[in-house]
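Q: Return atomic coordinates for the entry below.
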Amino acid sequence: MTDDEAWVGRLAGEFDLPSRPDILLTVSRLLNGFAPDLYQILQVVRRDAALSAKTLYRVNRTGRRVASIEEAGLMLGLMGMRRVVDELFLKARLIGRDNSLQEIRHRAVRAAVLSHYVARSLPQLSPNCSNGYLPAIQPEEAYTLGLFHDCGIPAMVNWFSNYYPFYDATHTSGGRALVQVEQENFGIDHGRISFLLCRSWHFPRSICRVIREHHAIQQLIVPGQKTRRRKTATLQAILHLSERLGQEMPDHEWEPLQPEIFRLLAIGDQEWTWLENHAPADEGPLR
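A: Residues are numbered from 1 along each chain as shown. The predicted structure is shown next:
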């Protein structure tokens with residue numbers, strides 16, 4: 001058995017992403033209210049990684065590769081979403097109330113919102129994005145990537161009782177520093193766990209590839225690469241932009257990356273300033 005196979009077995013048997021109790025209750029109330037509005041419900045669902053993962057998994061386990069949480073929820077319908085919520089209620093754990101996870105959850109939603117914003121804004125900012133030079137990236141695909149790119153962190157918190165002090169002391173130094181500390185102390189890092197989780201949920205391969213490589217900065221494309229690799233790199237660049245916009249990427253990681261990302265996305269300082277000035281301020285209130 002390979003190390004990955006061992007971790008996949010552990011993931012399958014021991015871990016579910018903890019759901020936010022407030023969102024779980026809100027979705028349940030909306031589902032059981034008068035004339036439930038599925039679209040409104042899914043705007044709340046996509047704010048919670050556990051609900052979103054279960055929604056995507058229920059659709060993708062049939063052989064599909066849906067990246068949009070909203071599309072998956074519409075395919076399941078109201079009855080399917082009720083089953084998702086009921087299953088999470090049955091599996092609810094006290095870890096869902098752990099204050100140490102609140103900041104991690106907030107950052108995940110923030111990364112998702114900003115990734116969606118960048119992907120939506122690129123076609124109007126970069127002419128090359130609309131003329132076919134860059135692969136088309138759907139904003140909902142970018143949202144899912146942002147929400148789940150660090151979903152292995154709650155698993156690390158769950159499995160290793162001494163993990164959070166390492167995380168708390170290291171994450172502000174940047175993703176590569178955190179990965180190194182995790183490897184040294186636990187023998188695996190959150191990026192690898194995030195990839196294995198998303199693969200076990202049958203997420204689209206493009207998202208899984210970015211999550212697997214999102215701390216491997218040198219993987220950004222060079223001219224002449226295959227389209228598949230270009231899409232991976234474009235998604236990766238969008239994620240890095242969202243991390244910088246959300247002040248999650250420190251200067252020492254951003255400065256060497258900025259020229260390559262700007263070249264890749266065919267944007268410059270003017271477009272970057274526009275993105276900074278128009279970035280959404282927060283995830284907004286629950287509906």
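
Q: and the residue of the chain most remote from its centre, helix, strand or coil?
A: Each residue of the chain has a distance to the centre, and by CA atoms, centre = their mean the biggest one is for residue 34: 32.2 Å. The assignment at residue 34 comes out as coil when based on DSSP: H, G, I helix; E, B strand; the rest coil.

Q: Now do residue 254: how many residues are near it, please.
A: As a burial measure, residue 254 scores 15 neighbours (other CB atoms under 10 Å). Using the backbone N, CA and C atoms, a C-beta is placed for each residue, glycine as well.

Q: residue contacts, it?
A: With contacts defined as CB atoms under 8 Å, 6 or more residues apart in numbering, the neighbours of residue 254 are residue 244.

Q: Read off the pLDDT value for it.
A: In the prediction, the pLDDT value recorded for residue 254 is 87.

Q: could you check the distance from it over to residue 241?
A: For residue 254, the distance to residue 241 equals 10 Å [CB to CB, to the nearest Å].

Q: didn't residue 115 look like it was pressed against residue 140?
A: No: under the criterion of CB atoms under 8 Å, residue 115 is not in contact with residue 140, lying 10.0 Å apart.

Q: Please identify which of these two sits among more neighbours.
A: residue 115 (29 against 20).

Q: Next up, identify which helix or strand that one is on.
A: Using DSSP states H and E, residue 115 maps to helix 102-125.

Q: Remind me what that helix packs against, helices and strands.
A: With contacts defined as 3 or more CB pairs under 8 Å, 6 or more residues apart in numbering; DSSP states H and E, the packing partners of helix 102-125 are helix 127-130, helix 139-148, helix 152-159, helix 227-245, helix 269-278.

Q: Alpha carbons only: can I get the helix or strand that the longest one is followed by in PDB?
A: Looking back up the chat, that one is helix 227-245. The helix or strand immediately downstream of helix 227-245 is helix 251-265, counting by DSSP H and E. Written as PDB, here are the backbone C-alpha positions of helix 251-265 (Å, rounded to 0.1, in the frame of the first residue of the first chain):
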ATOM      1  CA  ASP A 251       5.500  40.200   0.300                       C
ATOM      2  CA  HIS A 252       8.400  37.800   0.100                       C
ATOM      3  CA  GLU A 253       6.200  35.300  -1.800                       C
ATOM      4  CA  TRP A 254       4.300  37.900  -3.900                       C
ATOM      5  CA  GLU A 255       7.200  39.900  -5.200                       C
ATOM      6  CA  PRO A 256       8.900  37.200  -7.300                       C
ATOM      7  CA  LEU A 257       5.500  35.900  -8.400                       C
ATOM      8  CA  GLN A 258       4.000  39.100  -9.600                       C
ATOM      9  CA  PRO A 259       5.800  39.500 -12.900                       C
ATOM     10  CA  GLU A 260       5.100  35.900 -13.900                       C
ATOM     11  CA  ILE A 261       1.400  36.100 -12.900                       C
ATOM     12  CA  PHE A 262       0.900  39.400 -14.800                       C
ATOM     13  CA  ARG A 263       2.600  38.000 -17.900                       C
ATOM     14  CA  LEU A 264       0.500  34.800 -17.700                       C
ATOM     15  CA  LEU A 265      -2.800  36.700 -17.300                       C
END
